[in-house]
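S.K.: model this:
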Amino acid sequence: MTLELPGFVMTFLAMMAAMFVFAVGVGVLLLAILYVIDITQTQHAIRRNFPVIGRLRYRMEHLGVFFRQYFYAMDREEMPFNRAQRAWVYRAAKNLDTTQPFGSTRDLRPPGTILFANATFPTLDTEPAAAAPLIIGPDCPQPYAAPSFFNVSGMSYGAVSKPAVLALANGARLAGCWMNTGEGGLSPYHLAGGADLVFQIGTAKYGVSDGQGGLDEAKLRAVAAHPQVRMFEIKLSQGAKPGKGGLLPAAKVTSEIATIRGIPVGLDSRSPNRHPDIADVAALLDFVARIRNLTGKPTGFKLVIGDPDWLDELCQEIKRRVPASAPDFITVDSADGGTGAAPMSLLDYVGLPIQESLPRVVDKLSEYGLRERIRVIASGKLINPGEVAWALCVGADFVSSARGFLFALGCVQSMQCDKNTCPAGITTHNPRLQRGLDPTDKVERVRHYVENLRREVETIAHACGAADPRQLRREHCRIVTGPGRSVPLDAL
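M.R.: As a prediction, this is how the structure comes out:
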């Protein structure tokens, strides 16, 4: 018996067969074109020797980053942040249980490992001491009573997206911490969040520039007129690229961002590698005084420490003047800080890490009797409670983080920050990718991250016998120096 198919079915099958033959033909033609291109080009030896299939090498190299991150790298071995560090932030931001079973995966034996010295009789968790806000710039007309020891570090609008800024600003307000604007100027989205703001003045002076590389005092006063702007930070250098200015790629310079920054639309925007009008310590202190006098608000600067002897020069110049000439705070960034893009030569080799530079800054200020006058803010790869507690032990008054908050927003460390293709919608201005970042949801994640981190730092403090994290001292922390041996930080 012969089964006859209806005419429309036969027609459909014939069309599908024709389309299949056409697709195969197009595929063969495409492979032939790629073969000719590869065999004739002279720039890539692999493609020339292995046409077409040699192209897989580049794709596998790209995909290898993600395979290592999710399948092959151990929890504690990945860089710049390992899976254990990221997982803690993700869980804290989602307000999930951050406890862990069966013991730590952290190796406690290598030299340099930080350990906290628990007290035999720890402080009861039921009797926490409420820490009063710490005053920054007490002699300023408008001093700032900073309530939180953990805050949002500088991430500019332009480097990060509109929904990211909105989520960070609103989350910071709910968590009771400050938010640094980054060097990209003051955007409406910073103000819409309602958080306390630290306005950062980078080397290009975005938002307060006179167009010639100098400071426009009228624009500065307009920024200072916003009551949410509580402090001003002069950025001398940042962790990932000390000695080099920033770059905002043309793809990120939208008309709105260009207006906020005062730059041309659609062109790469490069900032100088230092402030043209700050060439020495005297000029730096003069500039700090100028900003403080114009705004009436606490003013300090941010830098990566290179030559520690420079600290003597700074302190001696302050002593030659009067203590009031000192900056109200110094933000110490680490050589392993982060940014959207930086040359590998700077990322890998230039600047001191926070583990060396922070103790040096605190000790030098104490040596010259300036420790109580100048607040110290630690920044750079401090995203988990143990790292923050270490910084407080060493002597930091505050800790600020950028990449910790990126993880709280949903960053997956895809290393696409400079390409406007961030899959999490954080560092892109592509509306399709931004759509995945819901500010309403991420606000709560930012809030939970801050609150849970502060709570666990408080847990460490209580274990060490301190009633409050601000009471942590160097004797509460030890560092491994060799097999089976550690020494307290105050002995170094």
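S.K.: Wait, residue 133 touches residue 149, no?
M.R.: No. Using Cβ atoms under 8 Å, residue 133 is not in contact with residue 149, being 10.1 Å away. No exception for glycine: its C-beta is placed from N, CA and C like everyone else's.
S.K.: the more surrounded of these two?
M.R.: Ranked by neighbour count (other Cβ atoms under 10 Å), residue 133 and residue 149 place residue 149 first, with 27 against 11.
S.K.: ok, that one - contacts?
M.R.: Going by Cβ atoms under 8 Å, 6 or more residues apart in numbering, residue 149 touches 131, 134, 388, 392, 397-399, 454, 457, 469-470.
S.K.: Top of those by number of neighbours, please.
M.R.: Neighbour tally across the contacts of residue 149 (other Cβ under 10 Å): the maximum, 29 neighbours, falls on residue 399.
S.K.: okay, the contacts of residue 149 in TSV with secondary structure next?
M.R.: TSV is the format used below for those (DSSP: H, G, I helix; E, B strand; the rest coil):
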residue	secondary structure
131	coil
134	strand
388	helix
392	helix
397	coil
398	strand
399	strand
454	helix
457	helix
469	helix
470	helix
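S.K.: So among those residues, where is pLDDT lowest?
M.R.: Least confident of those in the model: residue 131, at 72.
S.K.: helix/strand/coil for the residue nearest to residue 44 when sequence neighbours are not counted?
M.R.: In space, and not counting its chain neighbours, residue 44 is closest to residue 54: 7.3 Å by Cβ to Cβ, 6 or more residues apart in numbering. What three-state DSSP gives for residue 54 is helix.
S.K.: Contacts only, for residue 54.
M.R.: Contacts of residue 54 by Cβ under 8 Å, 6+ apart are 38, 44, 46-48.
S.K.: ok, now residue 485?
M.R.: Going by Cβ under 8 Å, 6+ apart, residue 485 touches no other residue.
S.K.: how much space is there between it and residue 115?
M.R.: For residue 485, the distance to residue 115 equals 11 Å [Cβ to Cβ, to the nearest Å].
S.K.: And for residue 411?
M.R.: 29 Å.
S.K.: which of these two has more neighbours?
M.R.: Per other Cβ under 10 Å, whichever of residue 411 and residue 115 has more neighbours is residue 411, with 24 against 14.
S.K.: isn't that one right next to residue 404, touching?
M.R.: No. Counting by Cβ under 8 Å, residue 411 does not reach residue 404; the two are 9.6 Å apart.
S.K.: domain ranges for the chain?
M.R.: Domain ranges of the chain: 11-72, 116-491, per automatic domain parsing.
S.K.: Residue 93 is nearest to which of those domains?
M.R.: Closest approach to residue 93 among the domains of the chain (Cβ to Cβ): domain 116-491, 3.9 Å.
S.K.: Could you work out the end-to-end span of the closest one for me?
M.R.: By Cα to Cα, to the nearest Å, the extent of domain 116-491 from end to end equals 14 Å.
S.K.: Now for residue 423, how many residues are close by?
M.R.: 14.
S.K.: pLDDT at the nearest residue to it once chain neighbours are set aside, what is it?
M.R.: Nearest non-adjacent residue to residue 423, counting by Cβ to Cβ, 6+ apart: residue 414, 5.6 Å away. pLDDT, residue 414: 80.
S.K.: Please settle this for me: is residue 414 part of a helix?
M.R.: No. Going by three-state DSSP, the assignment for residue 414 is coil, not a helix.
S.K.: wait, isn't it in contact with residue 422?
M.R.: Yes. The pair residue 414 / residue 422 is scored as a contact, 7.0 Å apart, by Cβ under 8 Å.
S.K.: Compare these two (neighbour count), which wins?
M.R.: Neighbour count, other Cβ under 10 Å: between residue 414 and residue 422, residue 422 has more, with 28 against 16.
S.K.: nearest spatial neighbour of the more buried one, skipping sequence neighbours?
M.R.: In space, residue 422 is closest to residue 428, 4.2 Å off (Cβ to Cβ, 6+ apart).
S.K.: so that neighbour, which of the three states?
M.R.: coil.
S.K.: and if you look at residue 451?
M.R.: Applying three-state DSSP: residue 451 is helix.
S.K.: Next, find the distance separating it from residue 171.
M.R.: Distance from residue 451 to residue 171, by Cβ to Cβ: 10 Å.
S.K.: Comparing those two, which residue is more hemmed in?
M.R.: The neighbour count for residue 451 versus residue 171, taken as other Cβ under 10 Å, is higher for residue 171 (28 against 18).
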